[in-house]
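*Asks:* show me the folded form of this:
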Amino acid sequence: MSEATVPRCTMLPPQGRPRWMPHDPAGWELLYLSWGLRWMGEHPIPLAMHEGWVYAVILEGVPTVLIRGRPRPTRRGEVFIFHPDCAYGWRDKAQRSCRLMTWLWRTPPAHSQLVPPGGGFRRLRVGEGALRRLTAINRDCLRAVAGAGEMAALALRRARLDLDLCLAGELGHTEAANSHYRANLAVHFLRHNPAALQPAKRLCEYLQISPAALRNLFQKHHRRSPQAVALEVRMQHARVRLAGGVAVKQIAFELGYRHANDFSRAYKRFFGVTTRTKK
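*Replies:* Numbering: from 1, shown residues only. As a prediction, the model looks like this:
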């Protein structure tokens, strides 16, 4: 079947299998929701394109997904996100069941790296914790569509965001990217708060992490302790201010020192020169 002859419609499971569709699609962000057992050997889903973005989660079984007519085996814990112009369908061996969850949304994923290429798909593997969370999100959507009006729309919006956050969190690079971002955020905080007393304590409060997590974060990204990085930030701030002609006493005040002499001694210990040395 060529793409020109592939229909654009929602292929429904057999009568009686769990699914939901809105009576008035124009008023809904969620266009289709399904869950439960399927027998794709006896009731295969033919190739079709859709009016929105399909998320499919394999909970049990090993059905085969056909993408542009090409069979691709699946397994538990795999998630597919299909572009509206991606022609796909499902099949399986006779008398073999599988358990799927699917959503059809009007709009693309909120996270850029979940968005499939035009006419294509994204495929990712998620852990058991994510599968439990996705199952709960599917139930949340079902409860939401049982309502009406603004509350239903808000509940679905929240469920969609939870769905994208859950899947984005399963991307392999996400944890490393978040760690790098937190490390940069910590240094940004120190640079804008050079007079902060007990900088490690302030950073734990700012980043909402434990002292051990803070030490690990700085060791991973800066190879030094939070206190050492904070001291460098303070002294570099002082060097810039001194080069600008600011008085030692004023800089000491800015950095939270009680006495100018305390600041001068700290400066000399760090740089090996006095505050009066011309650069």
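*Asks:* not counting its own residues, what contacts the host helix or strand of A48?
*Replies:* According to DSSP states H and E, A48 maps onto strand 45-48. Outside of strand 45-48, the residues within contact range by CB atoms under 8 Å, 6 or more residues apart in numbering are 1, 6-11, 13, 66, 68-69, 87-91. C-betas here are computed from N, CA, C, even on glycine.
*Asks:* go with 7 Å
*Replies:* M1, V6, P7, R8, C9, M11, L66, G69, A87, Y88, G89, W90 (CB atoms under 7 Å, 6 or more residues apart in numbering).
*Asks:* quick one: mean pLDDT for that strand?
*Replies:* The average pLDDT within strand 45-48 is 94.
*Asks:* do stretch 255-264 as well
*Replies:* 90.
*Asks:* how about stretch 86-93?
*Replies:* For stretch 86-93, mean pLDDT is 96.
*Asks:* okay, buried residues for it please.
*Replies:* C86, A87, Y88, G89, W90, D92 (16 or more other CB atoms under 10 Å).
*Asks:* now, among those residues, which is nearest to R182?
*Replies:* Using CB to CB, C86 is the member of the buried residues of stretch 86-93 that lies nearest R182, at 35.9 Å.
*Asks:* surely that closest one and R122 touch.
*Replies:* No. At 10.0 Å, C86 does not count as touching R122 under the criterion of CB atoms under 7 Å.
*Asks:* overlap in contacts of the two?
*Replies:* P116.
*Asks:* just to revisit the earlier point, how about JSON lines for the contacts of strand 45-48, with distance to L31 and secondary structure added?
*Replies:* Converted to JSON lines, these look like this (distance: CB to CB, whole Å; DSSP: H, G, I helix; E, B strand; the rest coil):
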{"residue": "M1", "distance to L31": "23", "secondary structure": "coil"}
{"residue": "V6", "distance to L31": "18", "secondary structure": "coil"}
{"residue": "P7", "distance to L31": "16", "secondary structure": "coil"}
{"residue": "R8", "distance to L31": "12", "secondary structure": "strand"}
{"residue": "C9", "distance to L31": "11", "secondary structure": "coil"}
{"residue": "M11", "distance to L31": "13", "secondary structure": "coil"}
{"residue": "L66", "distance to L31": "21", "secondary structure": "strand"}
{"residue": "G69", "distance to L31": "24", "secondary structure": "coil"}
{"residue": "A87", "distance to L31": "18", "secondary structure": "coil"}
{"residue": "Y88", "distance to L31": "16", "secondary structure": "strand"}
{"residue": "G89", "distance to L31": "18", "secondary structure": "strand"}
{"residue": "W90", "distance to L31": "18", "secondary structure": "strand"}
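*Asks:* which one of those sits closest to A195?
*Replies:* The closest of those to A195 turns out to be Y88 (CB to CB; 59.1 Å).
*Asks:* ok, what's across the strand from that closest one?
*Replies:* Using DSSP bridges, the bridge partners assigned to Y88 are A48, I67.
*Asks:* would you mind listing the buried residues in the lowest-mean-pLDDT helix or strand in the chain?
*Replies:* Ranked by mean pLDDT, DSSP states H and E, the weakest helix or strand in the chain is helix 174-192, scoring a mean of 83. Within helix 174-192, the residues scored as buried using 16+ other CB under 10 Å are R182, A183, A186, V187, F189, L190.
*Asks:* which SS class is the closest residue to P14 other than its chain neighbours?
*Replies:* Residue nearest to P14 in three dimensions, not counting chain neighbours: H43, with 4.9 Å by CB to CB, 6 or more residues apart in numbering. The local conformation at H43, judged by DSSP: H, G, I helix; E, B strand; the rest coil, is coil.
*Asks:* what do you get for R224?
*Replies:* Taken by three-state DSSP, the conformation at R224 corresponds to coil.
*Asks:* without its sequence neighbours, what residue ends up closest to it?
*Replies:* Sequence neighbours aside, F218 is the residue nearest to R224 in space, at 6.2 Å (criterion: CB to CB, 6+ apart).
*Asks:* biggest helix in this structure, by residue count?
*Replies:* helix 149-169 (DSSP state H).
*Asks:* packing partners for it?
*Replies:* If you count contacts as 3 or more CB pairs under 7 Å, 6 or more residues apart in numbering; DSSP states H and E, helix 149-169 packs onto helix 128-145.
*Asks:* can you give me the buried ones in the helix it packs on?
*Replies:* Buried-residue list, helix 128-145, by 16+ other CB under 10 Å: A130, L131, R133, L134, I137, N138, D140, C141, A144, V145.
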